[in-house]
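1. Generate a structure from the sequence data that follows.
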Amino acid sequence: MWGVRDVWDAWDLSAGQFAALAAAAMLVGFSKTAVSGANTISLAVFAAVLPARASTGVLLPVLIAGDVLAVLTYRRHAHWPTLWRLFPAVAGGVVIGTLFLTWADDAVVRTSIGAILLLMAGVTVARRRATARTEAAHELPEPPPASRLKAPSYGVLGGFTTMVANAGGPVMSMYLLSAGFQKLGFLGTSAWFFLIVNTSKVPFSVGLGLIDAHSLALDALLALFVVPGALLGKHTVHHINQRLFERLVIAATILGGLQLLLR
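-> Below you'll find the model as predicted:
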């Protein structure tokens, strides 16, 4: 039976480093119940404190703990037709991400994910500005070209990014925002999506050696900090209006992408 000190020693963590991981775990809980996409900051903290590849395996169970709490909170607000459209493409993205991890080093992974996140944020901002201009001119917005490809393309990107760096949240956030989801529908759909996807990633991560008894011992400690973060997010989300909510999601996505590119 491992104690707290045993876990710290096994990972060679200082008190300050563990405090940073604990704060990042709280942010995971907050992001799952309030501002989806903010956990890209947690991703960067985990990768800074722990070895880059190992951090992916440690973070995944922490994310699943947050997913469970989010589903318990928003389970009735999920839009299942959207989920069923996404899942096949996401499965393909997870497989591609697994193959990518067999040869890509940490620098390639960080650069690829950071670039994708910034691209998704840019596309979403451009679309929302175009929609705002048409609404201001009292015109009906035209459907975006190749809209049938939107769910498959976002799904593949989401599956790829969530497999290689647990960074699928911002990609899915950009998709749900572009689809016009309001706060509760956004959070409910996102909660079920990531509970199912992250759970399905566990066998792949175990096979790659990213999750083992060593990582799970640290997860057992960090999961305790997810709960207060989720409770804080549940209380906070009702005090955030829709426009501010969308801006926070996009800002978190941009920040996460920049952190990955500049590390």
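2. Surely Tyr175 and Val156 touch.
-> No: the criterion here is C-beta atoms under 8 Å, and Tyr175 misses it with Val156 at 11.3 Å. The C-beta positions use only the backbone N, C-alpha and C, and glycine is treated the same way.
3. Contact partners for Gly110?
-> I think there's a mix-up here, since residue 110 is Arg and not Gly. For Arg110, the contact set (C-beta atoms under 8 Å, 6 or more residues apart in numbering) comprises 47, 52, 165, 260-261, 263.
4. Below-threshold pLDDT in the stretch 151-263 of the chain: ranges please.
-> 242, 245-246, 263 (pLDDT under 70).
5. redo that, cut-off 80
-> When residues are selected by pLDDT under 80, those of the stretch 151-263 of the chain lie in 165, 167-171, 173-174, 177-178, 180, 237-250, 252-253, 255-257, 259-263.
6. May I have the distance across stretch 66-83, first residue to last?
-> Across stretch 66-83, the terminal residues are separated by 19 Å (C-alpha to C-alpha, to the nearest Å).
7. Can you tell me the element the closest residue to Ala151 other than its chain neighbours falls in?
-> Take Ala151 and drop its neighbours on the chain: the residue closest to it by C-beta to C-beta, 6 or more residues apart in numbering is Arg85, 4.5 Å away. For Arg85, the host element (DSSP states H and E) is helix 80-101.
8. what's in contact with that helix?
-> For helix 80-101, contacts defined as C-beta under 8 Å, 6+ apart pick out 109, 151-164, 172, 175-176, 179, 189, 192-193, 196-197, 200-201, 204, 208.
9. Tell me who's in contact with Ala20.
-> By C-beta under 8 Å, 6+ apart, the contact set of Ala20 is 45, 48-49.
10. now Gly159
-> Contacts for Gly159 (C-beta under 8 Å, 6+ apart) come out as 89-97, 168, 197.
11. mind running it again at 6 Å?
-> Contact partners of Gly159, counting by C-beta atoms under 6 Å, 6 or more residues apart in numbering, are 90, 93-94.
12. how many other residues sit next to the residue nearest to Ala151?
-> 16 (other C-beta atoms under 10 Å).
13. Remind me which helix or strand Leu195 belongs to.
-> Residue-wise, Leu195 maps onto helix 183-207 under DSSP H and E.
14. Give me the contact list for that helix.
-> 36, 57, 60, 63-64, 67, 70-71, 74, 77-79, 82-83, 90, 98, 176, 211, 245.
15. and the next element down the chain from it?
-> Immediately after helix 183-207, counting by DSSP H and E, sits helix 213-237.
16. so what secondary structure elements neighbour that next one?
-> Judged by 3 or more C-beta pairs under 6 Å, 6 or more residues apart in numbering; DSSP states H and E, the packing partners of helix 213-237 are helix 4-11, helix 15-33, helix 52-74.
17. list the buried ones in the helix holding Arg85?
-> Neighbour counts over helix 80-101 (16 or more other C-beta atoms under 10 Å) mark 82-83, 85-87, 89-90, 93-94, 96-98, 100-101 as buried.
18. Check the burial of the nearest residue to Phe181 once chain neighbours are set aside by counting its neighbours.
-> Excluding the flanking residues, the one nearest Phe181 by C-beta to C-beta, 6+ apart is Thr189, at 6.5 Å. Neighbourhood size, Thr189 [other C-beta under 10 Å]: 25.
19. can you check Leu224 too?
-> Neighbour count for Leu224, taken as other C-beta under 10 Å: 12.
20. Check Leu149 and give its pLDDT.
-> On the pLDDT scale, Leu149 is placed at 61.
21. coming back round to it: gap between the helix holding Leu195 and the chain center?
-> 9 Å (C-alpha atoms, centre = their mean, to the nearest Å).
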